[in-house]
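Student: Build me a model from this:
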Amino acid sequence: MYNVLMILYIAEIIVAALLIGVILMQAQGSGLGSSFGGTGGEDFRSRRSVEKSLVYATIGLAVLFGLISILLLIPR
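Tutor: Next comes the predicted model:
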């Protein structure tokens, strides 16, 4: 039981850090290129598809974070 709790705590910390990173990359009014100091240009993927992927990643990580938090609330 102790090992499962430790895994859940570590997973929650990792998911929280990833969620913070994904949210910070979604700077309002700017593309992903400017987040890394670039000026833009032609990429293999369009800016819109990268931003859409970031939105989906944010939603997925937020749901995962919520589920892990609920699991940690269940009394043992």
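Student: Give the buried residues for stretch 54-72.
Tutor: Judged by neighbour count using 16 or more other Cβ atoms under 10 Å, the buried positions of stretch 54-72 are 54, 57-58, 61, 64-65, 68. (Glycine included, C-beta is placed from N, CA and C.)
Student: Return the closest of those with respect to residue 6.
Tutor: Using Cβ to Cβ, residue 68 is the member of the buried residues of stretch 54-72 that lies nearest residue 6, at 12.7 Å.
Student: Distance-wise, check the closest residue to the closest one other than its chain neighbours relative to residue 18.
Tutor: Closest residue to residue 68 in three dimensions, ignoring its sequence neighbours and counting by Cβ to Cβ, 6 or more residues apart in numbering: residue 12, at 4.7 Å. As judged by Cβ to Cβ, to the nearest Å, residue 12 and residue 18 stand 11 Å apart.
Student: How far off centre is the helix or strand residue 15 falls within?
Tutor: Under the criterion DSSP states H and E, the helix or strand holding residue 15 is helix 2-25. How far helix 2-25 lies from its chain's middle: 10 Å, per Cα atoms, centre = their mean, to the nearest Å.
Student: Show me the contact partners of it.
Tutor: By Cβ atoms under 8 Å, 6 or more residues apart in numbering, the surrounding residues in contact with helix 2-25 are 32, 35, 54, 57-58, 61-62, 64-65, 68-69, 71-72.
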